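Visitor: Predicted model, plus sequence, below.
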Amino acid sequence: QVHLVESGGGLVQAGDSLTLSCAASDNTLSQYAVGWFRQAPGKEREFVTKITRLGTTYYEDFVEGRFTISRDNAKNAVYLQMDNLKIEDTAVYYCAATTRNWTSRPGDYDYWGQGTRVTVSS
């Protein structure tokens, strides 16, 4: 059982940056691929990005080079650097862990954090 905790959300203006963190309760996070998902009000949860156990990264098209996912296995953490935020990036952001390296489907992720809210204003 991996307990994940997100942090770093907040209220920012369009064009600003935020860094979200996903911390694991133990030192097993390196054994998992980790993804970031988001859910905007009234919408379904959607895939944003993921990083495999070996550090390969994948991004959804709407990221458009604005987000960067990284991991620090020594700190049992994964980060999401978000630059040039847009109003449409407003959502609750979740990190999740999976043993499946190649999936972006929420149902394939075994462990989820509680989410951190990001609000982007004009």
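Guide: Ah, there it is.

Visitor: How about residue 104, nearest residue that isn't a chain neighbour?
Guide: residue 47 (4.1 Å; Cβ to Cβ, 6 or more residues apart in numbering). Every residue, glycine included, has its C-beta placed from N, CA and C.

Visitor: same check, this time on residue 116
Guide: By the measure of Cβ to Cβ, 6+ apart, the closest residue to residue 116 outside its immediate chain neighbours is residue 9, 3.4 Å from it.

Visitor: how many neighbours does the one you found have?
Guide: 17 (other Cβ atoms under 10 Å).

Visitor: close enough to count as contact, it and residue 20?
Guide: Yes - if you go by Cβ atoms under 8 Å, residue 9 and residue 20 touch, sitting 6.5 Å apart.

Visitor: Mutual contacts of these two, please.
Guide: Here residue 9 and residue 20 have 93, 116, 118 as joint contacts, going by Cβ atoms under 8 Å, 6 or more residues apart in numbering.

Visitor: Going along the chain, name the strands of the protein.
Guide: When secondary structure is read from DSSP state E, the chain shows strands at 4-7, 10-13, 18-24, 33-39, 46-51, 57-59, 67-72, 77-82, 91-98, 111-112, 116-121.

Visitor: which one is residue 59 nearest to, not counting chain neighbours?
Guide: Distances taken as Cβ to Cβ, 6+ apart put residue 49 closest to residue 59, at 4.7 Å, once the chain neighbours are dropped.

Visitor: which residues sit in contact with the one you found?
Guide: Shown in contact with residue 49 (Cβ under 8 Å, 6+ apart): 35, 36, 57, 58, 59, 60, 63, 67, 69, 80.
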